[in-house]
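Undergrad: what shape does this take:
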Amino acid sequence: MLGQLYYIHFSPDYVTVRNVTKGTEVTHEPVVAVANNRLLAVGMQAHDALRQVPGTVLLTPFAGDRVVVSDMEAAQSLLALMVKQLASRFEWVKPQVLLQYRGPLPQPLSSLEIRALHELGESVGARKVFILQETQRFPDAALLNPNMLKILK
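TA: As a prediction, this is how the structure comes out:
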């Protein structure tokens with residue numbers, strides 16, 4: 001496989017970004033602290049920023065009713081920061097990203113939600129974005145299997 005493969009799965013309760021190629025991951029509460037249109041912190045640190053910096057607002061990008069992404073800008077900032085935490089300093093090839101929403105949905109993702117997830121994956125610098133609509137978590141061995149990516153295209 002050429003380049004890195006990131007597996008991003010999220011729900012209203014958590015966001016996990018896993019670099020499948022390296023076997024490293026980071027998990028945060030999906031909360032973003034913003035002040036003066038500037039990202040201050042994510043996850044638990046966002047709650048600290050709320051107390052310490054006046055004018056701070058907490059945003060929860062995945063907490064909408066029947067909407068996978070309720071705040072696109074906050075979601076992009078959150079995922080970009082998490083991917084940056086796992087990325088190599090010099091990545092010559094853009095990564096592939098697999099996105100999976102693991103929260104409760106009464107029906108399959110709509111075409112608009114799938115498009116929003118594609119845009120979210122592209123916003124973190126992906127050269128290819130795959131959307132997993134199954135709810136179970138996939139092991140690294142399955143994700144690194146080239147046939148798996150062919151099925152998802």
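Undergrad: make it CA atoms for all contacts and neighbour counts henceforth
TA: Noted.
Undergrad: return the set of buried residues in the longest helix anywhere in the chain.
TA: As assigned by DSSP state H, the longest helix anywhere in the chain is helix 72-86. Across helix 72-86, burial judged by 16 or more other C-alpha atoms under 10 Å covers 72, 74, 75, 76, 77, 78, 79, 80, 81, 82, 83, 86.
Undergrad: dump the residue contacts of the third one.
TA: Contacts for residue 75 (C-alpha atoms under 8 Å, 6 or more residues apart in numbering) come out as 61, 62, 69, 120.
Undergrad: out of the buried residues of helix 72-86, which one sits closest to residue 125?
TA: Using C-alpha to C-alpha, residue 80 comes nearest to residue 125 of those, at 8.3 Å.
Undergrad: give me the pLDDT for the nearest residue to the closest one once chain neighbours are set aside.
TA: Spatial nearest neighbour of residue 80, excluding adjacent residues (C-alpha to C-alpha, 6 or more residues apart in numbering): residue 124 at 5.0 Å. Looking at residue 124, its pLDDT stands at 90.
Undergrad: so who does residue 124 touch?
TA: Residue 124 makes contact with 76, 79, 80, 83, according to C-alpha under 8 Å, 6+ apart.
Undergrad: beta-bridge partners for residue 19, please?
TA: Beta-bridge partners for residue 19, by DSSP bridges, are residue 6, residue 24.
Undergrad: count the neighbours of it for me.
TA: 21 (other C-alpha atoms under 10 Å).
Undergrad: so who does it touch?
TA: Contacts for residue 19 were tallied using C-alpha under 8 Å, 6+ apart; they are 4, 5, 6, 7, 25, 86, 87.
Undergrad: which one of those residues is nearest residue 54?
TA: residue 86 (30.1 Å).
Undergrad: correct me if wrong: residue 6 contacts residue 95.
TA: Yes: judged on C-alpha atoms under 8 Å, residue 6 makes contact with residue 95 at a distance of 7.0 Å.
Undergrad: so which of these two has more stuff around it?
TA: Neighbour count, other C-alpha under 10 Å: between residue 6 and residue 95, residue 6 has more, with 28 against 22.
Undergrad: that's all I had, so thanks and see you.
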